[in-house]
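Visitor: got a sequence here, can you model it:
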Amino acid sequence: MATPAIAVSGLRKSYGDKVVLDGVDLVVPAGTITALLGPNGAGKTTTVHILSTLLRPDGGTASVDGADVVRDPDTVRASIGLTGQFSAVDGLLTGEENLLLMARLRHLGAARSKTRVAELLEQFDLVEAARKPLATYSGGMRRRLDLAMTLVSTPSVIFLDEPTTGLDPRSRHTMWDIVRDLVAEGTTVLLTTQYLEEADELADRIAVLDGGRIVADGTPDELKRLVPGGHLRLRFADDSALDSAAHLLAGSARDDSALTLTVPSDGSVDALRAVLDTLATPQIEVVDLSIHTPDLDDVFFALTGKTERPGLTDTKGSES
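Guide: The predicted model follows:
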């Protein structure tokens, strides 16, 4: 099997008697997007800081592109990029100057730095603003520049820690498109977010972190199936059809005024086919059918907020 881009086992981190991470296990396949989802204080940012070598864990192991974050931090740093919750651009420089500064810090050399900066300005639609002061940049432009700086050295793994916080919907969608393009080119992304729509839109897999532990891990659809409440809603042509259907579908809830039945279902094709096969008689005319499945909001509320224990918080109460 291919080596995962990120592998975490039994990761622990505490500050005094405050436990932040309490045995986290996580695997991120190469060339995918994994979203780390959880409430404030769940340990998301602490996990990213350990993986990016900014923090040292108290226990467990973590590797990025096969390099251990504790034993071989220099190799890890050479292969990653990190965009934090807050923009790290220098407000006294232009966009182009910010990128050139990062290229020099990455030791790209004069010629390669110039070429790479031009590529990134084009990729992130910042050519016209390249030589303008940062004071003229919108929030979305600053975040695009921030991500462009992360990509100066073409990292194979990128950590995006709540990258669209504070952005308007249009800027958020622009960032999503950029992230999708990066992954299509082979980059691996670990994304932390509190926007459930963002996780649903972008992630191949979602790990739900709560109280310092991973409480669920799977594709968005798999996580939604963990939560009860999915159902089919069927509307019938007349009372007779409704009566017949209600008799055949034990456990359904009927609404006589609306001529509808609500049938518990996981939303799968097999479940839908089973219901339709049951009703496949000339006497039962279904005039409308809708499928309702739990969304990530339901998953979030069902799986988080239940693991609070004394001393379990994040650093300084501001960590996420």
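
Visitor: which helix is the longest one in this structure?
Guide: The longest helix of the chain (DSSP state H) is helix 169-184.

Visitor: okay, buried residues for that helix please.
Guide: For helix 169-184, the neighbour count (16 or more other C-beta atoms under 10 Å) marks 171, 172, 174, 175, 176, 178, 179, 182, 183 as buried. Heads up, the C-betas are built off the backbone N, CA and C, glycines and all.

Visitor: centre of the chain to it, how far?
Guide: Its chain's C-alpha centre and that of helix 169-184 lie 12 Å apart, by C-alpha atoms, centre = their mean, to the nearest Å.

Visitor: mind giving me the packing neighbours of that helix?
Guide: Here helix 169-184 touches helix 139-150, strand 188-193, helix 196-202, going by 3 or more C-beta pairs under 8 Å, 6 or more residues apart in numbering; DSSP states H and E.

Visitor: which one of these lies closest to residue 210?
Guide: strand 188-193 (13.3 Å; C-beta to C-beta).

Visitor: what mean pLDDT does that closest one get?
Guide: Strand 188-193 shows a mean pLDDT of 93.

Visitor: need phi/psi at the most centrally placed residue in the chain.
Guide: In the chain, the centroid-proximal residue (C-alpha atoms, centre = their mean) is residue 35; its distance is 2.6 Å. Torsion angles at residue 35 (phi, psi; degrees, to the nearest 10) stand at phi -100, psi 130.

Visitor: kindly report the same for residue 124.
Guide: The phi/psi pair for residue 124 (degrees, to the nearest 10) reads phi -100, psi 20.

Visitor: neighbours around the closest residue to residue 278 other than its chain neighbours, how many?
Guide: Counting by C-beta to C-beta, 6 or more residues apart in numbering, residue 278 lies nearest to residue 248, which is 5.3 Å off, once chain neighbours are set aside. A count of neighbours around residue 248, defined by other C-beta atoms under 10 Å, yields 14.

Visitor: so who does residue 248 touch?
Guide: 278, 279, 284 (C-beta atoms under 8 Å, 6 or more residues apart in numbering).

Visitor: all helices of the stretch 151-300 of the chain, in order?
Guide: Assigned by DSSP state H, counting those that start in this stretch, the stretch 151-300 of the chain shows helices spanning 169-184, 196-202, 220-225, 239-248, 269-278, 296-303.
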